[in-house]
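Engineer: predicted coordinates and the sequence they were generated for:
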Amino acid sequence: MRIDVLGVGFDNLTLNEAVERGMELLHSPGAHYVVTPNPEIVEICRENLAAREAVNCADLVLADGIGVVKGAAMLGTPLKGRAPGIEFAAGLMERMAAEGLSLYLLGARPGVAEAAGERLAAKYPGLRIAGTHDGYFQEDSPVIEAIRQSGAEVVFVCLGAPKQELWMARHGEATGARLLCGLGGSLDVFAGVVERAPKFWSDHGLEWFYRLCKNPGRAGRMMKLPLFLIHVQREKRRR
Ligand code: UDP
C-alpha cells in the first residue's frame, strides 16, 4: 500500500528496492512509468487534478526530496527513505548496461540530451543510447514516432513538472517503450550543464538550499517548500 502525503501516494521503497522494481517493470509486458515527486510537485498536484491523476497512476512513485520524507514522518506514516530520481536513474542505467538495453533521452534545451547521451554511454559501457530529442517541441507525434522508431526500451522524460508526468501518462504506451521515467532537470546534470549538490549538502537534507544559492531565480518556486510543510501540519491536525 502507498503512503499518502497530501493526496500523492508514495511507494515505500529504499533506493535499491526502487531500482529492482524498475527492472521488474522493464521486463514486464506493456508500458510503465515512474514519477519522482518532490514537495513542489506535491503542491502542484494539490491544485492540478490532471497532474495528480498522472502522478498517482504511475507504476512507481518515488520520494525525490527530503521534504517528502519529513512530511510523511510528520504525518505518522514514515517512508523508508529518499529515492532521488537522479540516483534511481543511475542505478537503473547500471543494470541496463549489464543487460545491453537501450535508452532514449527526451528533454532539456537543444544539445543537452546529446551531450548527456555521450557522457552516459562513456560512463556505462554496454548501455545503448537509442536516440535523443530536446524538450522544446511543439507537436507530440513526431517525437513519439522517433522514440518508437528508435526501439528504446527505456525513456528518460525530462520536461519539468507537471509536463513530463502528463506526457508519460498520455503518450507512454504509444512510444513502444517498456519504462518511462520522469526525471526533471536530470539531463542537465548528466550533460554537466548543471552541477549536483556535493554529498555533504544532500546528506544533510540541504540540496534544495545549495540549488537556491546557485540559482536564486528558483526562490519563487522554492516558496512551495514552506507551503508544503504548512499543509502537512494542517493535515496532521486534521487526522
Ligand atoms: N524543460 C523542457 N521542456 C519544457 C520545459 C522544461 O525540456 O517545456 C526542461 C528544462 O530545460 C530542464 C527540465 O525540463 O532541463 C526541468 O528542470 P527543473 O530544474 O525544473 O526540474 P527539477 O529537477 O527541479 O524537477
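Structural biologist: In hand now; what should we look at? Residues are numbered from 1 along each chain as shown.
Engineer: now do the SS call for the closest residue to the ligand within the chain.
Structural biologist: Nearest residue of the chain to the ligand (CB to the nearest ligand atom) works out as residue 135 at 1.9 Å. The C-beta positions use only the backbone N, C-alpha and C, and glycine is treated the same way. With DSSP: H, G, I helix; E, B strand; the rest coil as the basis, residue 135 sits in coil.
Engineer: let's number from 41 now, not from 1
Structural biologist: Happy to do that; since the first residue is 41 now, the last one works out to residue 175.
Engineer: that one reaches residue 148, doesn't it?
Structural biologist: Yes. Shown here, residue 175 and residue 148 form a contact pair, counting by CB atoms under 8 Å, at 5.4 Å.
Engineer: what's the overlap in contacts for these two?
Structural biologist: residue 198 (CB atoms under 8 Å, 6 or more residues apart in numbering).
Engineer: of these two, who's got more company?
Structural biologist: More crowded of residue 175 and residue 148, by other CB atoms under 10 Å: residue 148, with 30 against 21.
Engineer: tell me which element the nearest residue to that one once chain neighbours are set aside is part of?
Structural biologist: In space, and not counting its chain neighbours, residue 148 is closest to residue 227: 4.2 Å by CB to CB, 6 or more residues apart in numbering. For residue 227, the host element (DSSP states H and E) is helix 226-230.
Engineer: do residue 107 as well
Structural biologist: Residue 107 belongs to helix 106-114, assigned by DSSP H and E.
Engineer: residue 90 now?
Structural biologist: helix 89-96.
Engineer: can you dump the C-alpha coordinates of that helix into PDB?
Structural biologist: Listed next in PDB are the C-alpha coordinates belonging to helix 89-96 (Å, rounded to 0.1, in the frame of the first residue of the first chain):
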ATOM      1  CA  LEU A  89      -6.200  17.400 -10.700                       C
ATOM      2  CA  ALA A  90      -4.900  16.200 -14.000                       C
ATOM      3  CA  ALA A  91      -1.300  16.300 -12.700                       C
ATOM      4  CA  ARG A  92      -2.400  14.500  -9.500                       C
ATOM      5  CA  GLU A  93      -4.000  11.700 -11.600                       C
ATOM      6  CA  ALA A  94      -1.000  11.400 -13.800                       C
ATOM      7  CA  VAL A  95       1.300  11.100 -10.700                       C
ATOM      8  CA  ASN A  96      -1.000   8.600  -8.800                       C
END
